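In: Give me coordinates for this.
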Amino acid sequence: MNDGHRHLAHDIRSALSDVSGGLRLIGREDLPGRARMQLDRAMAASDLLIELIGELLQDTARAPERPDEALDLRVFLQDEARRWRGAAADAGIGVDLHCPSDLPRTARLDLLQLRRILANLMSNAVCHSGGSSVVLAAEVHGDGTLAFCVTDDGGGFPPELLAQTRDLFAGRGEGGADGLGLHIAAAHARAMGAALLVENLRETEGGQGARVTLTVPRSVWDGEAALREVPSLTGSRILVAEDSDTVRTLIEAILRGFGAECRMARDGIEALNWLARERFDLALIDVEMPTLGGLEVLRAERLRQARGVAPPTALVALTAHALRDCRDEITEAGAEGILTKPIGNANEFGKAVRHYLDAAPDSEAWRPEAAPALSAVTLSDLMATAGPETGADLLSGIRSDLADVTQRMQAAVAKAEPAAIRNEAHVLLSLAAAIGALPTQEAARRVNVMPPDAPDEAIVEAAQKCLERLETLRAFLDEAN
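Out: Below you'll find the model as predicted:
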């Protein structure tokens, strides 16, 4: 979606929100029965449209940011039945709802996907079955499967469409124009870990009409069962940038409890420093932080990745503001996803982190040595910040500092003095990071992380690699204006 379409969708959603709000101000109890049905229909349709447009604006192809919701099944089904009674009334079709007494009170499901599935199934039954009644029902089978059924008393599915649909649901063939609603419903069912069964009742029960059943395994809909599954984050390295001591401590405890290795940052500047020094599988960035906010961190790190001077790390925002407009801004800043605060159940939080780790880009092929000797854009930004009067002095100072480090490190290598080499590598690490000289920075980092008991020969060899990178870097700077 380009910016023009995004802005248009945003305006449409705003207008629909006004429509939905206006409908809710109408006194439903004061309306006659038929008008009440049509009001229910309009309210349900406007709410669904708002959610669908929100889906477009969230750019869900990047990451599924919408968590499953604890649905009150009876309330949800009653709302759906009211909506479709209004739609079916003009055609003289009755819509009934069947819910057994042992139906679970709640189920954890993606509300929007479930609505889209039932909308397509109910639309087919009401508009195309040719019958006089439609039944929406839900029940739990003996194996714990939750089933939603839409049954009509019409003429049933044409044999060719029924065969085509069964092939499609079994993973054979492709959807065409006929039965498009069923194809869409099947795609959403697969996305939520469920399945569709289509049947003509005369073939299975000797009756009239057709039935489409959405079957959801217990492992998908039973929130309590899902909570018992403990996520594993073992082997992952995660950066957490959060200014609240309480929230930071809580997140660290959860992540370490699931096996993750964590680094903590108190503000945006500290977060960028961590990202510049070390490699992470995932970074959780609080949107609202002092000194440098999360949006600025996201933009800066995405820019570094685009320049080739940083590995492709997954970035996920932490925020207490989950409104759609806030989500749009966060997504546009470069976040793969959003985790909302306050942090609720630890297992659910861990599973969300596990999801983003599984979807993270592969950074194994990226090597600092392959980056440019110097980020020309970073140097240009530094010069622009310094201004025309002091830019030349800044460049001269960088050249002088690098020359001094080179001279001192050469002397330390010649004398095989590990302590002096480490000191110069520490200075070089800061200088290289300041100007975006990633290959030199990486060479200096390798000296800095060598263990205290490392052989002198190994330290000297690593220092010689620093000197090679320094030579390339200084040659690049000598050519800079």
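In: right, and the helix or strand after the helix or strand of the chain with the lowest mean pLDDT?
Out: One helix or strand of the chain scores below all others by mean pLDDT, DSSP states H and E: helix 223-227, with a mean of 56. Once the chain leaves helix 223-227, the next helix or strand it forms, by DSSP states H and E, is strand 237-241.
In: In the very next helix or strand once past that next one, which residues are buried?
Out: Note on strand 237-241: by DSSP H and E, the next helix or strand toward the C-terminus is helix 245-257. Neighbour counts over helix 245-257 (16 or more other Cβ atoms under 10 Å) mark 247-248, 250-252, 254-255 as buried. Quick note: C-beta positions are derived from backbone N, CA and C, even for glycine.
In: Run the angle between helix 245-257 and strand 237-241 for me.
Out: 170 degrees (axes from the mean of the first three to the mean of the last three Cα atoms, to 10 degrees).
In: Just the CA trace of helix 245-257, in CSV.
Out: The C-alpha coordinates for helix 245-257 follow below in CSV (Å, rounded to 0.1, in the frame of the first residue of the first chain):
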residue,chain,number,x,y,z
ASP,A,245,13.1,0.3,36.2
THR,A,246,10.1,-1.8,37.2
VAL,A,247,9.1,-2.8,33.7
ARG,A,248,12.7,-3.4,32.7
THR,A,249,13.3,-5.7,35.7
LEU,A,250,10.0,-7.6,34.9
ILE,A,251,10.9,-8.1,31.3
GLU,A,252,14.4,-9.2,32.1
ALA,A,253,13.1,-11.7,34.6
ILE,A,254,10.6,-13.2,32.1
LEU,A,255,13.1,-13.5,29.3
ARG,A,256,15.9,-14.9,31.4
GLY,A,257,13.4,-17.3,33.0
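In: what's the average pLDDT for the next helix-or-strand element following that helix?
Out: Moving toward the C-terminus from helix 245-257, the next helix or strand (DSSP H and E) is strand 261-265. Rounded to a whole number, the mean pLDDT of strand 261-265 is 94.
In: Partner strands of strand 261-265, with direction?
Out: Strand 261-265 pairs in its sheet with strand 237-241 (parallel), by DSSP bridges.
In: List of residues touching the partner strand?
Out: Contacts with strand 237-241, where a contact means Cβ atoms under 8 Å, 6 or more residues apart in numbering, come from 248, 251-252, 255, 260-268, 270-271, 274-275, 278-286, 289, 294, 297, 353.
In: Would you write out the PyMOL command that picks the buried residues out of these?
Out: Here is the PyMOL selection string for the buried members of the contacts of strand 237-241, based on 16+ other Cβ under 10 Å:
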select buried, resi 248+251+252+255+260+262+263+264+265+266+267+268+270+271+274+275+280+281+282+283+284+285+286+289+294+297+353
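In: Which residue ranges make up each domain of the chain?
Out: Domain segmentation of the chain under automatic domain parsing yields 1-63, 67-226, 235-366, 370-479.
In: Pretty sure Met122 sits against Leu136.
Out: Yes - using Cβ atoms under 8 Å, Met122 is in contact with Leu136, at 6.8 Å.
In: Span of stretch 329-339 from start to end?
Out: The first and final residues of stretch 329-339 sit 14 Å from each other (Cα to Cα, to the nearest Å).
In: Off-centre distance for that stretch?
Out: 8 Å (Cα atoms, centre = their mean, to the nearest Å).
In: where do the strands sit along the stretch 251-400 of the chain?
Out: Listed in chain order, the strands of the stretch 251-400 of the chain (DSSP state E, counting those that start in this stretch) span 261-265, 282-286, 314-319, 337-340.
In: which element is Asn124 on?
Out: In this structure, Asn124 sits in helix 111-128 according to DSSP H and E.
In: quick one: contacts for Gly130?
Out: Gly130 sits next to 154-155 when contact means Cβ under 8 Å, 6+ apart.
In: got a pLDDT number for it?
Out: The model's pLDDT for Gly130 equals 88.
In: For Arg116, see how far away it is.
Out: Distance, Gly130 to Arg116, using Cβ to Cβ, to the nearest Å: 24 Å.
In: Equivalent analysis for Val95, please.
Out: Here Val95 is placed at a distance of 18 Å from Arg116 (Cβ to Cβ).
In: could you point out where the stretch 301-450 of the chain is predicted with low confidence?
Out: Applying pLDDT under 70 to the stretch 301-450 of the chain flags the ranges 307-308, 322-325, 364-373, 375-379, 381.
In: swap that for the stretch 151-300 of the chain, sorry
Out: In the stretch 151-300 of the chain, residues with pLDDT under 70: 165-180, 204-206, 223-230.
In: Kindly report the same for the stretch 1-150 of the chain.
Out: For the stretch 1-150 of the chain, applying pLDDT under 70 flags the ranges 1-11, 13-18, 20-22, 24-25, 28, 48, 51-52, 54-70.
In: Show me where it has its strands.
Out: Counting by DSSP E, counting those that start in this stretch, the strands of the stretch 1-150 of the chain are 69-72, 94-98, 106-109, 133-140, 146-152.
In: Tabulate the ones you listed in CSV, adding columns for mean neighbour count and distance to Ala306.
Out: Output for these, formatted as CSV (neighbours: other Cβ atoms under 10 Å; distance: least, Cβ to Cβ, whole Å):
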stretch, mean neighbour count, distance to Ala306
strand 69-72, 16, 35
strand 94-98, 16, 53
strand 106-109, 20, 38
strand 133-140, 19, 48
strand 146-152, 22, 45
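In: List the buried residues in stretch 297-305.
Out: 297-298, 300-305.
In: now stretch 399-409
Out: 402, 405-406, 408-409.
In: How about stretch 203-216?
Out: Buried positions in stretch 203-216, judged by neighbour count with 16+ other Cβ under 10 Å: 209-216.
In: likewise stretch 456-464?
Out: Applying 16+ other Cβ under 10 Å to stretch 456-464 flags 459-460, 462-463 as buried.
In: so what secondary structure elements neighbour the helix holding Asn124?
Out: helix 33-58, strand 69-72, helix 73-89, strand 133-140, strand 146-152, helix 180-191, strand 210-216 (3 or more Cβ pairs under 8 Å, 6 or more residues apart in numbering; DSSP states H and E).
In: From the contact counts, what lies against the third one?
Out: Pointing back at helix 73-89 there. Helix 73-89 is packed against helix 33-58, strand 94-98, helix 111-128, strand 133-140, with contacts defined by 3+ Cβ pairs under 8 Å, 6+ apart.
In: and Glu203, how far is that from Phe148?
Out: 21 Å.
In: same thing with Arg445?
Out: From Arg445 across to Phe148, the span is 56 Å (Cβ to Cβ).
In: Equivalent analysis for Ala35, please.
Out: From Ala35 across to Phe148, the span is 29 Å (Cβ to Cβ).
In: Leu438 too?
Out: Using Cβ to Cβ, Leu438 is found at 54 Å from Phe148.
In: coming back round to it: between Met122 and Leu136, which contacts overlap?
Out: Common neighbours of Met122 and Leu136 (Cβ under 8 Å, 6+ apart) are 80, 84, 95, 150.
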